[in-house]
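Participant: Build the 3D model from these lines:
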Amino acid sequence: MGKVFEIIDKIKILQIIRQALVMIIPILLVGSFALILETLPIHSYQIFIDALLDGFFRELLQTVYNATFGMLAIYMTITLALSISNTEKADGVKNYSLVFISLIVFAIFSGGLNFREFDISNLGEDGVFTAIFLTIITSYFYILINDNLKHGFRFYSSGADDTYTQMLYSMPATIIVFIIAVLIYMILVKTTGMESIQEVNRKVFLSLFFFRGGSVITSLAFLMIQSILWFLGIHGSSVMTPGDLNFDKIKNFDTSVMLSNLHSFTTVEVFAIMGGCGSTLCLALAILIFGKKNTSKKLVTLSSVPLIFNVNELLLYGLPIVLNPVYFIPFMLVPVISYLNASLAMDLGIVPGLISNVKWTTPIFINGFMATGSIAGSLLQLFNLFIGVAIYAPFVVYSEKRALDQEAKKINELTRLVKESEEEGVELSILGIKGGYGVLARSIADEIQYKIENDDVHLRYQPQFNSKDKCIGVECLLNWEYSNNGKIYTPLVMGLTKEMGMAAKLEKAIFKSAIKDMPKLIKILGKDCKVSINLTGQAIQMEEFERFLALIAREHKEYIPNILIEITEQDSLKIDYDLISRLDRLKKLGYRFGIDDFSMGSTSLKYLRYNVFDLVKIDGNLSLDVVKNERSREIVSFLTNLTNQFNIDILAEYVENEEQKLILESIGCLEYQGYYYSEAVDIDRLEAVLIDIKEKMGSAS
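Facilitator: Got it, this is the predicted structure:
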């Protein structure tokens, strides 16, 4: 089954549809709350909003609903066309080209050519499936035509801007698709007598799946087809619900065939689709109880109020459930089992029969009591709720595992892109990446921003040793974990914060976290220990950051002698009088400074002209190379002699084995940091790790 889901999940068009669904979540959220506020099933409340501002408040809610759910198919067309354009990146196809032609085709097949009898509901939830179907067909047909015409048609206009040129370039494909769409639509009208695909859908579904008699089989057919429609993105309730509003949309349809099914329909609505179609209230509870993915739990929390009132579009499209193969089985199964439980309980007399219909937005337990006139109705709902949660639970666990695996792969790919840009020396716009990787990058960025603003920054500490294998200090290293996916590559985090304009805020949060850990560090390492904290060249040049460091020095002056600030990314440093003066002022407050990634480059050597640095850290590549390269050994030897003359300590990073350490020691480098001793560890593990290292080094000697 897992392989089947994996194959389905790799279907590109499903990934594209999910991206489009995510984009409309804000619209769904606003529309859901407007719907709840308008239809809240409290009589006194309804009287109140009718009277409030002479009915203006109700009109406002209706307008908001009409502007959101009432136009949902339009929004779906736009976001899906954008998603296809971003994913396919077809030559000569711009975002607006696919959006424009997709909207035209959707308008045509929704009856837009028949102005007098146009059904506005075709633009809302009723038209979502039509929008998905038509946008996919139209977009790929347009791309196909455009690719085949691009060598045959060239339009140029001297002095024209890019938008005008692109419009001319896309015109032939647009005209061809438009003409074909009109011809097919005219054939549809002539052969069916109906003005829109939505009308055809309603006629077909109502004709096929409803017949006389309120039997269990009839109700199950109704329930299952409604669920299938919702799963496909069609507003199943609008298509299948008995009521004058829906039947008026279909010419010559005999509404009397549905009247005998009203009793069974109420049973379905009250006991089988709790929280909306698919009994999504059960799914929401399963996610809260068994789920571990923070984003899913946040979505459930966001949609919890609408779910109580059986409005589940936010969860359907946001999770998503629509076109998600993992949830198809429970989405179909839970309502069926719930309905059978209710029918059996009523047949056996355990629960009284229905005595009245209730408004569909009435919350669970209340509607169960009102429909049966007995608390037994509410208890039956509670029983069905437990059963539903139990059915959904394993699918939630499996879905989250798959999602986490997919996220991990995407994080690895983002990491690869960042490392590649570092190696090539090319700046990468991480937030500007298109498609699913870009969505993930922006999601990580949101979490980074939230944690920075709440000072929720986690550090690890890598021990540093002298030639006698005594621990002389630690370096604070950022340890960033994204949701449940584990550690994220630090340069990826730094790159995102830089693009968000939050790099300085992150560095402040790192500093605060290190200060908070200082009592433990001093207790473990001793009062003379050195705690290295990294700052970028950009941050150290900011007046605001100088004020921040001065504030830290005033509030925590007892820890300042232990702090050594390592300046990274020296390329962004402007070595001038202002910088040296700033470092001098900070040194007077008790701070010490080090230079990270020191080498023979001119930038590094410039620092030694000023008496403000206490430590240089040998570039990692140079440190590793001393084992095999004689010239690298000579360079390190030269640097150690130079720093000794200036009374500056020198430390080698990336020390990975005893041979490397002994070579460094022989050429005068007497301080080390690297995996030969230890990786960076949580502060709670630091003391135990140092004990293990001491025992290991003692036994080795």
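Participant: so where is the stretch 551-700 of the chain shaky, pLDDT-wise?
Facilitator: Low-confidence regions of the stretch 551-700 of the chain, defined by pLDDT under 70, span residues 569-573, 599-604, 699-700.
Participant: can you give me phi and psi for Asn66?
Facilitator: The phi/psi pair for Asn66 (degrees, to the nearest 10) reads phi -60, psi -30.
Participant: Quick check: closest non-adjacent residue to it.
Facilitator: Residue nearest to Asn66 in three dimensions, not counting chain neighbours: Gly124, with 7.9 Å by CB to CB, 6 or more residues apart in numbering. To be clear about C-beta, it is placed using only N, CA and C from the backbone, and glycine gets the same treatment.
Participant: Leu149 against Met171, yeah?
Facilitator: No - using CB atoms under 8 Å, Leu149 makes no contact with Met171, being 10.1 Å away.
Participant: Between these two, tell me which one has more neighbours.
Facilitator: Set side by side, Leu149 and Met171 show more neighbours around Leu149, with 16 against 13, by other CB atoms under 10 Å.
Participant: show me what contacts that one?
Facilitator: When contacts are counted by CB atoms under 8 Å, 6 or more residues apart in numbering, Leu149 touches 172-173.
Participant: how much space is there between it and Ile184?
Facilitator: Taking CB to CB, to the nearest Å as the measure, Leu149 falls 20 Å from Ile184.
Participant: Show me the chain divided up by domain.
Facilitator: When the chain is parsed with automatic domain parsing, its domains come out as 2-200, 210-403, 454-700.
Participant: Any stretches of the stretch 101-250 of the chain with poor pLDDT?
Facilitator: Residue ranges of the stretch 101-250 of the chain with pLDDT under 70: 113-117, 150-169, 202, 204-215, 233-250.
Participant: redo that, cut-off 80
Facilitator: The model of the stretch 101-250 of the chain has pLDDT under 80 over residues 112-122, 125-126, 129, 146-171, 189-190, 192-219, 221-222, 226, 229-230, 232-250.
Participant: Spell out for me which residue occupies the centre of this structure.
Facilitator: Nearest to the mean C-alpha position of the chain, counting by CA atoms, centre = their mean, stands Ser443 at 4.1 Å.
Participant: need the contact list for it.
Facilitator: Residues in contact with Ser443, defined by CB under 8 Å, 6+ apart, are Thr295.
Participant: now the strand or helix carrying it: mean pLDDT?
Facilitator: Assessed by DSSP states H and E, Ser443 sits inside helix 435-453. With pLDDT averaged residue by residue, helix 435-453 scores 83.
Participant: Need the residues that contact the following helix or strand past it.
Facilitator: Using DSSP H and E, the helix or strand that follows helix 435-453 in sequence is strand 459-466. Contacts of strand 459-466 from elsewhere in the structure, counted by CB under 8 Å, 6+ apart, are 471-479, 510, 513-514, 517, 521, 530, 532, 651, 670-673, 677-683, 686, 689-690, 693.
Participant: same thing but 6 Å
Facilitator: Outside of strand 459-466, the residues that reach it under the criterion CB atoms under 6 Å, 6 or more residues apart in numbering are 471-477, 479, 513, 670-673, 677-678, 680-682, 686.
Participant: Among those residues, the buried ones, what's the ChimeraX command?
Facilitator: Here is the ChimeraX selection string for the buried members of those, based on 16 or more other CB atoms under 10 Å:
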select :471,472,473,474,475,476,477,479,513,670,671,672,673,677,678,680,681,686
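Participant: Restricted to strands, list the contacts of strand 459-466.
Facilitator: In strands, judged by DSSP state E, the following of the contacts of strand 459-466 are found: 471-477, 671-672.
Participant: With distance to Glu544 added, can I get those residues in TSV?
Facilitator: Shown next, in TSV, are these (distance: CB to CB, whole Å):
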residue	distance to Glu544
Cys471	34
Ile472	32
Gly473	28
Val474	27
Glu475	25
Cys476	21
Leu477	24
Glu671	32
Tyr672	35
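Participant: Okay, strands next: where are they in the stretch 251-400 of the chain?
Facilitator: Secondary structure of the stretch 251-400 of the chain, counting by DSSP state E, counting those that start in this stretch: no strands present.
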